[in-house]
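> sequence first, then the predicted structure:
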Amino acid sequence: MTVSTNYGSRPRLASLLLLGTVLGGSAAYAQAPAAPRTAAPVAAAPAPVPSGQTVGTIRSIAVSGSQRLEADTVRSYVALRAGETYTREALDQALKDLYATELFADVQIRDDNGALTIEVRENPVINRIVLEGNKRLKSDKINPEIRLAPRQIFTRSKARADVARIIELYRRQGRFAATVEPKMVQLDQNRVDIVFEISEGDKSKVRRINILGNESFSDNALRGEMATKQTGLTKIFSSGTSYDPDRLSYDQQKLRQFYLTNGYADFRVISAVAELTPDKRDFIITYVVEEGQRYKFGEVDLTSEIRDLQPDALKYIVRMKPGDWYNAKQIEDTVDSITQTAGLLGFTPDVRPDFVRDKEKLTMSVTFKVNDAPRVYVERIDINGNTHTKDKVVRREFRLAEGDAFNSFRVKRSRDRIQSLGYFQEKFEIEQKPGSAPDRMILEANVEEKSTGELQVSAGFSSLEKFIVDLSIRERNFMGKGQEVRASVNYSTYSKSIEAGFTEPYLFDRNIAVGGDIFRRDYNSFNFINNDRNTTYQQVTTGFQLRLGVALTEFWSLAMRYGLSYDDVTLDKNTFFSDANGDGVLECDPLLAGRYLCDAIGKRTTSSIGYSLVLDNLNNRIRPSAGQRAVLSQDFAGLGGSVKYLRTRIDADKYWGFGGGFIFNAGFEGGYIMPLGGTRRDSSGNAIDAVRLTDRFFLGEPQMRGFGIRGVGPRVQRSAYDTLTGTLLTNRDQITDDAIGGRAYYLGHLELEIPLGSGARELGLRPSVFVDAGAVFGVKKPKLTRLDDFRDSNGVIGPRVSPIRNAAGELQCQNSTTGVLTPTALGACDTATSTLFGNSTAPFQETFLGDSPKPRLSVGIGVNWNSPFGPFRINVAKALLKEPGDNTKLFSFNVGTQF
């Protein structure tokens with residue numbers, strides 16, 4: 001009798017196909033030598049055989065069909081042995097045992113009167129894994145989830161598991177309609193290609209969010225607190241409209257947090273159910289909530305069990321008062337503040353709020369109990385994941401050392417300092433793990449490095465600089481040592497520069513920063529005539545600066561610097577120079593340029609030494625929401641060179657983060673430059689301001705919004721003389737306007753950043769409202785060219801002889817020698833020859849304006865946008881207070897792009 005039993009791949013394939021359907025995908029294996037993928041036919045199962053019946057005695061066990069496995073290895077997988085009796089159940093179990101190894105695609109056992117032959121077909125070896133149809137989810141995101149790999153033996157269980165993992169990835173992205181169909185392409189030498197054919201489908205959206213049981217707050221108010229959003233026109237750019245089961249749990253916590261911060265201490269979410277719509281495309285989420293009663297604070301107290309820490313030293317931190325609405329977030333913030341303050345005083349506190357609820361009076365009394373936590377010491381600090389950054393770069397930012405007493409404030413400060421390096425992931429935390437003893441703790445920093453090298457080519461358009469090109473290369477973590485190396489080239493229509501720099505933040509592993517910069521800057525000053533920008537003077541600066549910085553305390557630091565620069569200030573000879581003396585030598589012409597510009601030209605060397613005292617406890621140096629930064633700087637020029645002055649500046653900002661994402665910023669800056677070189681005189685011997693034009697302070701856009709660039713402060717306006725009407729032109733577009741700066745300035749601003757919905761946040765939109773107030777002033781009034789001044793035929797600038805009007809009303813010039821009257825239409829006569837003033841500069845009048853410390857004030861709104869084209873800033877500001885001569889500007893923007 002011959003018994004042939006087959007538990008081969010065909011029945012298993014059917015099972016896998018069913019499983020794929022349950023998972024949302026389908027599974028089929030096509031087997032044909034190097035042929036297109038088709039599903040193989042399913043073999044019929046053998047007829048049932050009566051169980052428990054002894055077939056006979058095993059005379060021998062042979063193995064056929066094995067290629068990689070030895071026959072003895074195959075026999076070892078079954079419990080059948082030669083010389084023993086066997087039953088149909090034993091044969092069935094042998095087949096199950098062989099399939100359980102997942103080494104075989106097909107197994108049959110043939111019985112020839114006790115001579116058993118195990119016929120096997122080994123599972124193929126995987127040649128490669130191919131993904132097809134995945135567009136929304138890239139292969140580098142899917143491949144790590146696939147357990148099958150080239151040169152491994154193919155197994156159905158791994159294939160089913162891989163299908164499930166891929167579908168789960170798509171579900172996390174809200175694509176619940178995604179299907180995955182695994183297929184097998186047979187190759188020679190029992191090798192196969194495994195192809196996962198993916199149909200991604202559309203994202204499953206949240207069509208509606210229903211909230212039941214809420215009475216105190218509207219549905220819209222509660223939906224606004226959730227990360228999940230309903231689909232709608234205003235949410236077309238938001239990813240929050242996609243269904244995510246993990247986000248469902250998060251939203252429940254957000255609801256609870258919202259109610260607890262508004263006094264509802266008994267609030268709870270009874271149920272949260274997500275249901276597919278009948279068309280199986282979207283979800284409808286329903287929350288059932290129970291608000292409970294609203295509580296107020298009762299008695300609020302603080303006690304301390306630490307011997308040397310008196311409660312009065314901490315009570316000022318407790319801001320809530322009896323009668324205030326209960327706020328759980330305020331409780332958490334108070335606990336953190338008490339812990340931080342006690343930590344700064346050298347204690348290791350355990351702060352626990354003790355609540356007493358009065359359900360009749362609806363009050364919640366709170367007592368903050370400050371206990372001395374058991375001393376725990378840092379046994380070891382482990383740093384993992386830093387493949388490029390050296391250990392010491394991370395370790396030197398820790399405010400705790402091995403062997404120190406554990407201090408939660410210092411751990412938090414260490415986390416902030418490491419994160420401020422910018423070398424690692426944004427959501428970095430220092431894990432606290434138990435040590436070898438109860439009073440020992442291990443601090444573990446698991447970092448994920450990110451790219452610190454930057455090669456950037458930017459192009460853009462600015463309302464100030466027109467076309468801009470910027471090329472820069474920067475490495476913020478050079479060779480993993482925390483050093484910074486940078487170089488940049490900037491080009492625009494009105495400015496050019498090339499710079500290179502290096503910074504070592506820890507010299508000889510000490511908290512001493514050193515660095516240096518070399519630069520060449522080419523800057524063109526300008527004014528506007530008829531809305532056209534015209535270059536006035538050009539300043540080319542070449543130099544270097546050396547820097548040294550030391551940390552005084554955790555938040556105070558001192559920076560010192562020395563700089564040497566060479567300036568060359570020039571004017572366009574074709575525009576502003578003339579042969580005034582008639583000797584063939586071109587000189588700066590005050591009638592063309594103005595005396596103040598003629599005094600500014602020349603070459604000079606500035607050798608300066610300076611320092612900055614810095615207080616900085618911002619929580620984030622890139623986008624702060626709490627803390628403050630203040631800088632006092634002084635620079636003394638006069639260590640050699642031709643320029644001598646003392647410049648002093650202060651700059652301070654403070655940030656407050658309010659609930660709901662509001663960030664308020666108050667800032668102030670100011671400065672004064674005092675000349676040290678004595679009186680300066682012009683070519684005519686007249687005293688002029690001792691501070692050179694290029695060393696003064698200027699104010700306007702972009703520092704002070706609502707005004708044009710250099711639009712605030714002292715300036716000289718030149719009004720042309722209309723030779724036809726005999727009147728001055730007063731239209732600002734026809735007036736030459738030159739800002740000349742001042743010795744002193746101040747600028748204050750208040751700005752409130754307004755949070756938007758998740759869709760706008762994902763687009764990078766951050767609107768704000770602001771108020772700016774400031775002024776620049778304190779410059780010696782320059783000698784001006786009056787309407788009565790002109791250059792005569794001898795090159796002398798002086799008062800003009802007024803024309804004489806005859807009886808007929810005609811303007812005439814009288815010759816001082818002959819007395820002959822000559823008609824004139826220009827309204828000017830030459831003092832030497834009494835000829836018409838028509839071959840020289842047309843008459844004009846200069847006016848000095850704007851030298852006032854009175855504040856200029858502007859208010860406006862602005863939007864920062866991290867657009868696909870680069871950072872974009874737009875401001876709309878209205879000047880409410882201004883002085884005569886100030887240049888206002890309602891709208892300004894700046895945009896750049898990277899490619």
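Sure, I can see it. Here the structure is a predicted model, which means the values were calculated and not measured.

> what comes up buried for stretch 128-147?
By neighbour count on 16 or more other Cβ atoms under 10 Å, the buried set for stretch 128-147 is Ile129, Leu131, Asn134, Leu137, Ile142, Ile146. C-betas here are computed from N, CA, C, even on glycine.

> quick check: the farthest pair among those?
The largest separation in the buried residues of stretch 128-147, counting by Cβ to Cβ, is between Ile129 and Leu137 at 15.2 Å.

> contact partners for Cys588?
Cys588 makes contact with Leu571, Phe576, Phe577, Leu597, Cys598, Ile601, according to Cβ atoms under 8 Å, 6 or more residues apart in numbering.

> so which of those residues are in strands?
Counting by DSSP state E, these place Leu571, Phe577 in strands.

> return the member of the contacts of Cys588 nearest to Gly403.
Nearest to Gly403 among the contacts of Cys588, with distances taken as Cβ to Cβ, is Ile601, at 65.1 Å.

> give me the neighbour count for Ser60.
11 (other Cβ atoms under 10 Å).

> from Asp522, how far out is the residue lying closest to Ala487 once chain neighbours are set aside?
Excluding the flanking residues, the one nearest Ala487 by Cβ to Cβ, 6 or more residues apart in numbering is Ala500, at 4.4 Å. Remark: distance between Ala500 and Asp522 (Cβ to Cβ, to the nearest Å) = 16 Å.

> helix or strand right after the helix or strand bottoming out on mean pLDDT in the chain?
In the chain, no helix or strand scores lower on mean pLDDT, DSSP states H and E than helix 9-22, which sits at a mean of 32. The C-terminal neighbour of helix 9-22 among helices and strands, as given by DSSP states H and E, is strand 54-57.

> contacts for that next one?
Met1, Val3, Gly83, Glu84, Thr85, Tyr86, Thr87, Arg88, Leu91, Asp111, Asn113, Gly114.

> how about stretch 360-372?
Counting by Cβ under 8 Å, 6+ apart, 265, 293-307, 309, 311, 314, 318, 320, 322, 326, 331, 334-335, 338, 342, 347-358 sit against stretch 360-372.

> restricted to buried residues, select those residues in PyMOL.
In PyMOL syntax, the buried subset of these is picked out as below (16+ other Cβ under 10 Å):
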select buried, resi 265+294+295+296+297+298+300+302+304+306+309+314+318+320+326+331+334+335+338+342+347+348+349+351+353
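
> could I get the average pLDDT for whatever helix or strand Leu91 lives in?
Assessed by DSSP H and E, Leu91 sits inside helix 88-100. In this model, helix 88-100 carries a mean pLDDT of 89.

> the closest residue to Ile146 other than its chain neighbours: helix or strand, and which one exactly?
Once flanking residues are discounted, Ile146 sits nearest to Asp162: 4.9 Å by Cβ to Cβ, 6+ apart. For Asp162, the element it lies in under DSSP H and E is helix 156-172.

> can you check Arg256 too?
helix 245-260.

> quick one: contacts of that helix?
By Cβ under 8 Å, 6+ apart, helix 245-260 touches 171-172, 217, 222, 225-228, 240, 267-269, 272, 274, 285, 287, 289, 291, 326-329.

> from those, which would you call buried?
For the contacts of helix 245-260, buried by 16+ other Cβ under 10 Å: 171, 217, 222, 226-228, 240, 267, 269, 274, 285, 287, 289, 291, 326-328.

> ok, back up a step: so which of the buried residues of stretch 128-147 belong to strands?
Ile129, Leu131.

> any idea which of the buried residues of stretch 128-147 is closest to Ser858?
Leu137 (48.6 Å).

> and the nearest residue to Gly435 once chain neighbours are set aside, how close does it get to Arg399?
Nearest residue to Gly435, sequence neighbours excluded (Cβ to Cβ, 6+ apart): Glu379, at 3.8 Å. For Glu379, the distance to Arg399 (Cβ to Cβ) stands at 17 Å.

> and for Leu857?
Counting by Cβ to Cβ, the gap from Leu857 to Arg399 is 43 Å.

> can you list the weak-confidence ranges in the stretch 451-600 of the chain?
456-468, 493-494, 525-536, 579-583, 591 (pLDDT under 70).

> which parts of it are helices?
573-576, 590-593, 595-600 (DSSP state H, counting those that start in this stretch).

> now for the second one, which elements pack on it?
Contact here means 3 or more Cβ pairs under 8 Å, 6 or more residues apart in numbering; DSSP states H and E; on that basis helix 590-593 packs against helix 573-576, strand 577-578, strand 789-791.

> buried sites along the first one?
Applying a neighbour-count criterion of 16+ other Cβ under 10 Å, the buried positions in helix 573-576 are Phe576.

> try stretch 552-563
Ser557, Ala559, Arg561, Tyr562, Gly563.

> just grab the bridge partners of the third one for me.
In other words, Arg561. Arg547, Gly610 (DSSP bridges).

> ok so, going back, so which of the contacts of stretch 360-372 sit within strands?
Per DSSP E, the contacts of stretch 360-372 map to strands at 296-304, 349-358.

> convert the C-alpha atoms of the helix holding Arg256 to CSV, please.
In CSV, the C-alpha atoms belonging to helix 245-260 read as follows (Å, rounded to 0.1, in the frame of the first residue of the first chain):
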residue,chain,number,x,y,z
PRO,A,245,-5.6,56.4,15.9
ASP,A,246,-2.5,57.6,17.9
ARG,A,247,-3.7,61.2,17.5
LEU,A,248,-7.1,60.1,18.9
SER,A,249,-5.5,59.3,22.3
TYR,A,250,-3.5,62.5,22.2
ASP,A,251,-6.7,64.6,21.6
GLN,A,252,-8.3,63.1,24.6
GLN,A,253,-5.4,64.3,26.7
LYS,A,254,-5.6,67.7,25.1
LEU,A,255,-9.3,67.9,26.0
ARG,A,256,-8.6,66.9,29.6
GLN,A,257,-5.8,69.5,29.8
PHE,A,258,-8.0,72.2,28.4
TYR,A,259,-10.8,71.6,31.0
LEU,A,260,-8.3,71.2,33.9
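
> and that helix, which residues are buried?
Arg247, Leu248, Asp251, Gln252, Lys254, Leu255, Arg256, Phe258, Tyr259, Leu260.

> what's the angle between it and helix 156-172?
Here the directions of helix 245-260 and helix 156-172 differ by 40 degrees (axes from the mean of the first three to the mean of the last three Cα atoms, to 10 degrees).

> okay, the helices of the stretch 451-600 of the chain in CSV with distance to Ala62 next?
Putting the helices of the stretch 451-600 of the chain into CSV (distance: least, Cβ to Cβ, whole Å) gives the following:
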stretch, distance to Ala62
helix 573-576, 106
helix 590-593, 110
helix 595-600, 106
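
> now the strands: where do they sit in the stretch 551-700 of the chain?
556-571, 577-578, 587-588, 602-616, 627-641, 645-657, 663-675, 680-681, 687-688 (DSSP state E, counting those that start in this stretch).
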